[in-house]
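K.L.:
okay, structure incoming, though there's no sequence with it:
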């Protein structure tokens, strides 16, 4: 009985922690200028709310900043910023439809990026099934 | 008693199905380029999640692709794509304020489009009252 | 006992009212053209749903329309529209990171604007913690 109570309490606490955490999907589809803004936005976001869980979903031109060797509008490499954010728990998910349509091989993505079947379906799924809220930088 | 049980179970199952389905409002206000992207996005979305319910809400320049005879940036008619998506359950809702301000008669809309009093109020209502999540193409 | 019942009923009714009201965050980061569109959108929104609670969160170039003396693209002052919307319960929140990065003093903001530590964190917090839905004009 005691053990059962512990399990129930544990589940309740886990549920409460899950409900507490702010979970945000950043939706990127526009290209390098939007991605550069997003990197600044996410830094500010984590400074204000270090516990926030942030997932970036990129499709269309939004994947460009996750290609190996990508630079911002002034020619600065973006790899450092992406690695830094990944180190703080930010995830980067790339649309496989985009890779196919644009003839981009997965090998060209930075190692921090993972691939999902559809970017838009992932943006919706995170909100509908995993309690994420939406933000378009 | 048996009948009551059936009704309760039926309601629970209906509620579960409702909670299961991903419901997404696509918010369009920018014009033909955004609408063309949205059509591709929605095709990919339904390929990845055929059960998703998608409602497109258009206001401002976002209604242009729903006018009779609309074409994309390369002059291709959009009617076929709209009909195809409607056939798969996608709904298209147009802001009546936009029709008034832009002096557009409802007769000019494709038959798949329906009219709502306010596009932005509809985008909010779907999220707040009908369990939709948001996506801006 | 009677008093307790009243308190419980009161809380239930308050909760129901809270759940009833549509609460919307308008997310602005692009500058005067987006802000002008947003002002029209919000007027239409409140005409269609007078009980809606609307909070505008502005960061980046999105704060420009909240600077004292701001005008729209045709040189018309925006102060009147902002005051009118504030009088109808619309709130305007400005990102402090933006003020710092752009070297803008709080004194330059119109009196209807309040300051929050981070615009993006506020957009997420309103959705995750205060039952707001999202809209990007």
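P.N.:
Yep, it's here. Predicted model only: the values in this text are computed from it and were never measured.
K.L.:
chain center to stretch A:64-78, what's the gap?
P.N.:
Computed by C-alpha atoms, centre = their mean, to the nearest Å, the chain-centroid distance of stretch A:64-78 equals 17 Å.
K.L.:
do the same with stretch A:67-82
P.N.:
Taking C-alpha atoms, centre = their mean, one finds stretch A:67-82 lying 17 Å from the centre of the chain it belongs to.
K.L.:
buried sites along it?
P.N.:
Using 16 or more other C-beta atoms under 10 Å in any protein chain shown as the test for burial, stretch A:67-82 gives A:70, A:78-79, A:81-82. Using the backbone N, CA and C atoms, a C-beta is placed for each residue, glycine as well.
K.L.:
return the subset of the residues you listed lying in strands.
P.N.:
In strands, judged by DSSP state E, none of these are found.
K.L.:
how about those in TSV, adding pLDDT and distance to residue B:107?
P.N.:
Below are the buried residues of stretch A:67-82 laid out as TSV (pLDDT from 0 to 100; distance: C-beta to C-beta, whole Å):
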residue	pLDDT	distance to residue B:107
A:70	98	48
A:78	97	50
A:79	96	55
A:81	98	52
A:82	98	51
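K.L.:
spatially, which two of these are the most separated?
P.N.:
Farthest apart among those by C-beta to C-beta are A:70 and A:81. That separation is 10.2 Å.
K.L.:
nearest to chain B among the buried residues of stretch A:67-82?
P.N.:
Nearest to chain B among the buried residues of stretch A:67-82 is residue A:70, at 21.4 Å by C-beta to the nearest C-beta.
K.L.:
quick one on the thing from earlier: now, which of the buried residues of stretch A:67-82 lie within helices?
P.N.:
Assignment to helices by DSSP state H places the following of the buried residues of stretch A:67-82 there: A:79, A:81-82.
K.L.:
which one of those residues is nearest to chain C?
P.N.:
Using C-beta to the nearest C-beta, residue A:81 comes nearest to chain C of these, at 15.9 Å.
K.L.:
residues of chain A that sit close to chain B?
P.N.:
A:27, A:29, A:59-60, A:95, A:97, A:117-121, A:123-125, A:127-129, A:134, A:136 (C-beta under 8 Å from any C-beta of the partner chain).
K.L.:
what subset of these is buried?
P.N.:
Buried, going by 16+ other C-beta under 10 Å: A:27, A:29, A:59-60, A:95, A:97, A:118-121, A:123-125, A:127-128, A:134, A:136, out of the residues of chain A next to chain B.
K.L.:
out of those, which touch chain C?
P.N.:
Counting by C-beta under 8 Å from any C-beta, A:134, A:136 from these sit close to chain C.
K.L.:
other SSEs contacting whichever strand or helix holds residue A:36?
P.N.:
Here residue A:36, judged by DSSP states H and E, is contained in helix A:32-48. Where contact means 3 or more C-beta pairs under 8 Å, 6 or more residues apart in numbering or on different chains; DSSP states H and E, helix A:32-48 is packed against strand A:23-28, strand A:53-58, helix A:79-87, helix C:119-130.
K.L.:
got the contact list for the first one?
P.N.:
Strand A:23-28 is contacted by residues A:34-35, A:38, A:41-42, A:45, A:52-59, A:62, A:65, A:123, A:126-127, A:130-137, B:135-136, C:124, C:128 when judged by C-beta atoms under 8 Å, 6 or more residues apart in numbering or on different chains.
K.L.:
contacts only, for residue A:93.
P.N.:
A:55-58, A:113-116, A:119, A:122.
K.L.:
show the buried residues in the residues you listed.
P.N.:
The neighbour-count test (16+ other C-beta under 10 Å) applied to the contacts of residue A:93 identifies A:55-58, A:113, A:116, A:119, A:122 as buried.
K.L.:
quick one: low-confidence ranges for chain A?
P.N.:
Residue ranges of chain A with pLDDT under 70: A:1, A:13-19.
K.L.:
which parts of it sit against chain C?
P.N.:
So chain A meets chain C at A:22-24, A:37, A:41-42, A:44-45, A:47-49, A:52, A:133-137 (C-beta under 8 Å from any C-beta).
K.L.:
can you turn the buried part of those into a PyMOL selection?
P.N.:
Listed next is the PyMOL selection for buried residues among those, using 16+ other C-beta under 10 Å:
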select buried, chain A and resi 22+23+24+37+41+42+44+45+48+49+52+133+134+135+136+137
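K.L.:
contact partners for the nearest residue to residue A:122 once chain neighbours are set aside?
P.N.:
Taking C-beta to C-beta, 6 or more residues apart in numbering or on different chains, and ignoring the residues beside it in sequence, residue A:122 has residue A:116 as its nearest neighbour in space, at 4.5 Å. Residues near residue A:116 by C-beta under 8 Å, 6+ apart: A:57, A:93-96, A:122.
K.L.:
change it to 10 Å
P.N.:
A:57-59, A:93-97, A:122-123, A:125-126, B:48 (C-beta atoms under 10 Å, 6 or more residues apart in numbering or on different chains).
K.L.:
need the residues touching each of residue A:70 and residue A:81.
P.N.:
Shared contacts of residue A:70 and residue A:81, defined by C-beta under 10 Å, 6+ apart, comprise residue A:35.
K.L.:
surely residue A:50 touches residue A:44?
P.N.:
No. In this structure, residue A:50 is not within contact of residue A:44 by C-beta atoms under 10 Å, at 11.6 Å.
K.L.:
what sits up against stretch A:99-115?
P.N.:
Here stretch A:99-115 makes contact (C-beta under 10 Å, 6+ apart) with A:56, A:58-61, A:63-70, A:78-79, A:82-83, A:85-87, A:90-96, A:98, B:40, B:44.
K.L.:
buried set for it?
P.N.:
Those would be A:99, A:104, A:109-110, A:112-113, for stretch A:99-115 by 16+ other C-beta under 10 Å.
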